[in-house]
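Asks: Structure, please.
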Amino acid sequence: MSDARLVGTWTTQLDDDGKAVPGLVSFSADGGVVSTQLNTKNIGLGTWRSTGPDTFEYGFHILAADPEGNHVGEAHVRVEGEFVSGTAWQGTGGARFFDPQGTELRGHSGSKVTAEKFGVDD
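Replies: Next comes the predicted model:
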């Protein structure tokens, strides 16, 4: 966890096959990640780490439930990012989807992600 620039909360845009999906992701100084996007119904929890002077990676899991609250699977998301300024980064990511028994159902990679850091609203 050596890159303090990442610590804080970021607005994100995921390119989902040409459709922009907004989200929020927060990185803690001790390596924790909390993420949400408009195309998911639950938050994701995970970890991050620096991989170079201007690069990092993070991953998180999102639990999925049916309308009755039964566990129906989960998504495992992984993103590799690179700073383009002190308050912006871009990267690529993907997800793998699993049933409740842990069998992988499908996955994808190479989705573009962009982010801008924000602070306390005035």
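Asks: Which strand residues bridge the residue positioned nearest the centre of the chain?
Replies: Nearest to the geometric centre of the chain sits Ser35, at 5.4 Å (Cα atoms, centre = their mean). The residues paired with Ser35 through beta bridges, assigned by DSSP bridges, are Val25, Gly44.
Asks: So it is in contact with Ile43, correct?
Replies: Yes: checked against Cβ atoms under 8 Å, the pair Ser35 and Ile43 is within contact range at 6.7 Å. Yep, even glycine has a C-beta here, placed from its N, CA and C like the rest.
Asks: overlap in contacts of these two?
Replies: Contact criterion Cβ atoms under 8 Å, 6 or more residues apart in numbering; residues bridging Ser35 and Ile43 by contacting each: Ile62.
Asks: sorry, back to before: distance of the residue nearest to the centre of the chain from Pro67?
Replies: Applying Cβ to Cβ, to the nearest Å, the value for Ser35 to Pro67 is 23 Å.
Asks: Where do the strands of the protein begin and end?
Replies: Listed in chain order, the strands of the chain (DSSP state E) span 8-16, 19-27, 32-37, 44-50, 55-65, 71-85, 88-98, 104-118.
Asks: in the shortest one, what's buried?
Replies: I take that to be strand 32-37. Residues Val33, Ser35, Thr36, Gln37 are the ones in strand 32-37 that count as buried (16 or more other Cβ atoms under 10 Å).
Asks: Chain neighbours aside, what residue packs nearest to Leu14?
Replies: Val21 (4.4 Å; Cβ to Cβ, 6 or more residues apart in numbering).
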